[in-house]
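**Student:** Here you go, sequence then predicted model.
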Amino acid sequence: MSTKSYTPYRGCKIEVHVTPAKWHAFGCICRRYRVSWMVSSPGNPDELLASFPEQFDFLTEQEAFRYGEGRAHTFIDSILSTPPQRRIAGNSSEHADEAPTV
């Protein structure tokens with residue numbers, strides 16, 4: 001397995017892991033690469049925010065790293081651009097400051 005740590009993106013640490021995988025096609029075995037990526041908290045690099053193994057195989061290790069980094073950037077952009085939910089539909093205004101329960 002190969003691992004790359006990237007410079008922090010919007011304060012979050014990104015690590016991408018690429019592992020070789022065998023793929024069978026028309027009687028031969030071809031090499032492919034699988035990718036997973038992890039994002040750590042901006043305030044605490046030891047706190048893992050997300051870890052995702054992707055379901056795709058890539059032809060080259062470089063493609064896998066590029067894809068993993070891009071997906072991590074997209075994830076970080078989406079969590080930072082989503083405003084915190086202050087109110088659940090149907091709640092009265094007296095409970096507007098309470099955290100929603102799931």
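**Tutor:** Cool, the structure landed. None of the values given here were measured: they were computed from a predicted structure. Numbering: from 1, shown residues only.

**Student:** could you pull out the helices for this protein?
**Tutor:** Using DSSP state H, the helices found in the chain span residues 61-81.

**Student:** Flag the shaky bits of it, pLDDT-wise.
**Tutor:** For the chain, the stretches with pLDDT under 70 are 84-102.

**Student:** Who are the contact partners of the residue nearest in space to the middle of it?
**Tutor:** Central residue of the chain (CA atoms, centre = their mean): residue 72, 4.1 Å from the mean position. Counting by CB atoms under 8 Å, 6 or more residues apart in numbering, residue 72 touches 6, 9, 12, 14, 16, 37, 38, 39. Any C-beta I mention is one placed from the backbone N, CA and C, and that applies to glycine too.

**Student:** In those residues, which residue is surrounded by the most others?
**Tutor:** residue 37 (26 neighbours; other CB atoms under 10 Å).

**Student:** Just the closest of the contacts of residue 72 to residue 54, please.
**Tutor:** Lowest distance from residue 54 to the contacts of residue 72 (CB to CB) belongs to residue 37, with 7.6 Å.

**Student:** Quick check: the closest one touching residue 71?
**Tutor:** Yes: between residue 37 and residue 71 there is a contact under CB atoms under 8 Å: 5.9 Å.

**Student:** Save the contacts of residue 72 as CSV, and put in distance to residue 81 too.
**Tutor:** Converted to CSV, the contacts of residue 72 look like this (distance: CB to CB, whole Å):
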residue, distance to residue 81
6, 20
9, 13
12, 13
14, 17
16, 22
37, 19
38, 20
39, 15
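
**Student:** Okay, strands next: where are they in this protein?
**Tutor:** Secondary structure of the chain (DSSP state E): strands located at 2-9, 12-25, 28-40, 48-58.

**Student:** what's the spacing between the shortest one and its chain's center?
**Tutor:** Spelled out, that is strand 2-9. 12 Å (CA atoms, centre = their mean, to the nearest Å).

**Student:** That strand relative to strand 12-25, how many degrees between them?
**Tutor:** For strand 2-9 against strand 12-25, the angle by axes from the mean of the first three to the mean of the last three CA atoms, to 10 degrees is 150 degrees.

**Student:** in strand 2-9, what's buried?
**Tutor:** Neighbour-count burial for strand 2-9 flags 6, 9 (criterion: 16 or more other CB atoms under 10 Å).
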